[in-house]
Each structure stands twice: as C-alpha cells, then as structure tokens.
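A.B. asks: Sequence plus the predicted model coming up.
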Amino acid sequence: MGKVFARPLVLLPLGVVLLVIGLLTALNAVGAARWGGVVAEGRACGGEVRGMCVVRTDVTFDGPRYSRRQAGDEWELEPASGRAREVSLPDRASSRLRDAEVTRGVMLSQPDGDVVGLEAGGERLATTWTGTYGVLQRVGLGLMALGLGAGLVVVALRMRRSTGWSGHEPVRKHGSVAVALPVVVGFVLWMLPRFLW
C-alpha cells in the first residue's frame, strides 16, 4: 500500500466500511436461502401476491450449448412479451439443460421481477444467487469483506499506537496475516460451490 493508504486515519474508516459491506452481504444469505426454498417448493403467486412466491412466465431459452463448461454459465430467457433476461446457473444444472437440449421452460421470478429460478426438462433449477449455492456465495463474499475490514481495523489501531493518526508505516509491520487470512478463508468459501455444483 502506498503512503497515503498506510495511515491509521485512512485505514480505520476503510476497514469500518468494509465491515458494514461484509455484514450486509453475509446477511443477504438469509434471503438467498429463503428464495431457494420457494423455488424448490414451486410456490407460485396467485392472483394476489402474498408472502414469498414466484411469478411463473413461459419462456424460450438459449444457453452455452457449444461452449466449454464453466462456472456460472449464462442462459438467456426470452418471454413471449417483455424483455429477455439473463440468468446464471450452477455448472451441473447448466450441463443438464445443455444435455437435454430443452429450449422451452418457465421462468421463476420474484414479484419485483428478479429471476430466482427456471423450470425446464421436468425439474426446477435455482440460479447461482439462490439456494445453497447462493448462500455459500454470499457468505463467502461477506467473509472476504468482513475479514479484510477487521484486518484493516486491527492494523490501523496497532499503527496508531506507534505512529499516531497521521503517521505511516508499512502495513506488513502491523499484521499482514490479520488482513490476509480471513480474506483467504472467505475466498475459499466463495469458490467452493463452483466445485461442488
């Protein structure tokens, strides 16, 4: 880090901002889990929207049929009316769709329009941001931000003791591991679903 960023006066607020972002991201995992349950149950909204339910829309879709399989394959969902939507599906779900060569299905979206799943080939598939996959993604991203934020706060407080608020010293002198280790754990958790699903 440059001399401007290696000051407690800069590191402490930056660490606090990252802590808040990480906490909000990790808490968002609760919503991902709840929407994953709604998709798994196929709880459709009736004429009146009550609680958590999905709006069902018939779509034709196309995806990465001839591309190399990779994490978070994008699929384009095209309803009869309205604009096309792109969704990212976990690897295995995407592979099953490609192998089945299905081109018609039902888009499952929240009442506000966010797509949370797809029904095709006789099964319901959650997107990469809902269900267990989405929970692990959000918790991993949240842990990365929380770990980095906590590490920066620790480093800033240690540095303040030796240099004051406006002095600067190399960050590694005050605990690079405090910054790096939680970030690595969060990164591993964020990447884990790509290897499991």
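C.D. replies: Nice, I can see it.
A.B. asks: mind showing which ranges of the chain have poor pLDDT?
C.D. replies: Counting by pLDDT under 70, the chain has low-confidence residues at 1-6, 49, 63-73, 100-102, 163-179, 193-197.
A.B. asks: Look at Val17 and say how many residues are nearby.
C.D. replies: Neighbours of Val17 under the rule other Cβ atoms under 10 Å: 13. (Each C-beta comes from the backbone N, C-alpha and C, glycine too.)
A.B. asks: Just list the residues touching the closest residue to it other than its chain neighbours, thanks.
C.D. replies: Distances taken as Cβ to Cβ, 6 or more residues apart in numbering place Gly149 nearest to Val17, at 7.2 Å, with adjacent residues excluded. Gly149 sits next to Leu14, Gly15, Val16, Val17, Leu18, Leu19, Val20, Ile21, Gly22 when contact means Cβ atoms under 8 Å, 6 or more residues apart in numbering.
A.B. asks: and if we set it to 6 Å?
C.D. replies: The contact partners of Gly149, by Cβ atoms under 6 Å, 6 or more residues apart in numbering, come to Gly15, Leu18, Leu19, Gly22.
A.B. asks: which residues are in contact with stretch 13-27?
C.D. replies: Arg138, Val139, Leu141, Gly142, Ala145, Leu146, Leu148, Gly149, Leu152, Val153.
A.B. asks: would you list every one of the strands in the protein?
C.D. replies: Here the chain has its strands, by DSSP state E, at 55-62, 73-79, 85-89, 104-109, 115-120, 123-126.
A.B. asks: List the neighbouring strands of the last one plus their orientation.
C.D. replies: Yep, that's strand 123-126 we're talking about. Strand 123-126 has the following strand partners under DSSP bridges: strand 115-120 (antiparallel).
A.B. asks: Report the distance from the strand it pairs with to the chain centre.
C.D. replies: Mean-position distance between strand 115-120 and its chain equals 17 Å (Cα atoms, centre = their mean, to the nearest Å).
A.B. asks: Please find the angle between the direction vectors of it and strand 73-79.
C.D. replies: 80 degrees (axes from the mean of the first three to the mean of the last three Cα atoms, to 10 degrees).
A.B. asks: Could the C-alpha coordinates of strand 115-120 be exported in CSV?
C.D. replies: C-alpha atoms of strand 115-120 as CSV (Å, rounded to 0.1, in the frame of the first residue of the first chain):
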residue,chain,number,x,y,z
VAL,A,115,-35.3,-14.1,-11.7
VAL,A,116,-34.6,-16.7,-9.0
GLY,A,117,-35.0,-20.0,-10.9
LEU,A,118,-36.0,-21.9,-14.0
GLU,A,119,-38.3,-24.8,-14.6
ALA,A,120,-37.3,-26.9,-17.5
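A.B. asks: Show residues contacting that strand.
C.D. replies: Residues outside strand 115-120 that contact it (Cβ under 6 Å, 6+ apart): 35, 39, 85, 87, 102, 105-110, 124-127, 130.
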